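Novice: Predicted coordinates and the sequence they were generated for:
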Amino acid sequence: MSDKDLLEKEEIFSKVLRAGRRTYFFDVRATKAGDYYLTITESKKFTNDDGSFHYKKHKIYLYKEDFTAFSEILGEMTQYIVDEKGEEVISERHQKDFKKEYNTEDTTSTDQKDVEKFTDINFEDI
């Protein structure tokens, strides 16, 4: 039996969070020595041009010695976001009437200005 097969069998406790195209898996697993650790897996669904789909996964392994610091920083970061922006979701994807705030200064790149000049053709000149 391979190490990967052994790890899959040592899953102790699991929870799943479905969030749109993303799914988060929280799994308590056991080390060879019998201690526990946490894996957090983000799985995101992507659709190919032909209609088929695939998933990309990212995994974090979190060990007991890091739980306290990880929890403190996660709590601090999430609280900062809520304090600064509130709990309301603000995004194009979640609000159909979302409008981006645009800077009133002319931030058009030189390349884009050159393209605009190039495409401004007067056919009477030809």
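Specialist: Right, received. Where do you want to start?

Novice: now His54: how far from Lys85?
Specialist: 32 Å (Cβ to Cβ, to the nearest Å). For the C-beta atoms, the positions are set from N, CA and C on the backbone; glycine is no exception.

Novice: And Leu38, by the same measure?
Specialist: 28 Å.

Novice: Other residues contacting stretch 16-26?
Specialist: For stretch 16-26, contacts defined as Cβ atoms under 8 Å, 6 or more residues apart in numbering pick out 14-15, 38-45.

Novice: same thing but 10 Å
Specialist: With Cβ atoms under 10 Å, 6 or more residues apart in numbering as the test, stretch 16-26 has contacts from 11, 13-15, 27, 38-47, 53, 55-57, 59, 62, 93-94.

Novice: Could you pull out the buried residues of it?
Specialist: Neighbour-count burial for stretch 16-26, counted by 16 or more other Cβ atoms under 10 Å, picks out 23, 25.

Novice: Figure out the length between the terminal residues of that stretch.
Specialist: 6 Å (Cα to Cα, to the nearest Å).

Novice: what's the longest helix seen in the chain packed up against?
Specialist: For the chain, the longest helix by residue count, based on DSSP state H, is helix 67-85. Secondary-structure packing of helix 67-85 (3 or more Cβ pairs under 10 Å, 6 or more residues apart in numbering; DSSP states H and E): strand 36-47, strand 53-63.

Novice: how about low-confidence regions in the protein?
Specialist: Scanning the chain with the threshold set as pLDDT under 70 gives 1-10, 92-126.

Novice: follow-up on the earlier one: please identify the deepest-packed of the helices and strands packed on helix 67-85.
Specialist: Comparing those by mean neighbour count (mean count of other Cβ atoms under 10 Å), strand 36-47 ranks first with a mean of 14.

Novice: Show residues contacting it.
Specialist: The contact list for strand 36-47, computed with Cβ under 10 Å, 6+ apart, reads 7, 10-14, 16-31, 52-67, 70.

Novice: what's the angle between that strand and helix 67-85?
Specialist: Inter-element angle recorded for strand 36-47 and helix 67-85: 40 degrees (by axes from the mean of the first three to the mean of the last three Cα atoms, to 10 degrees).
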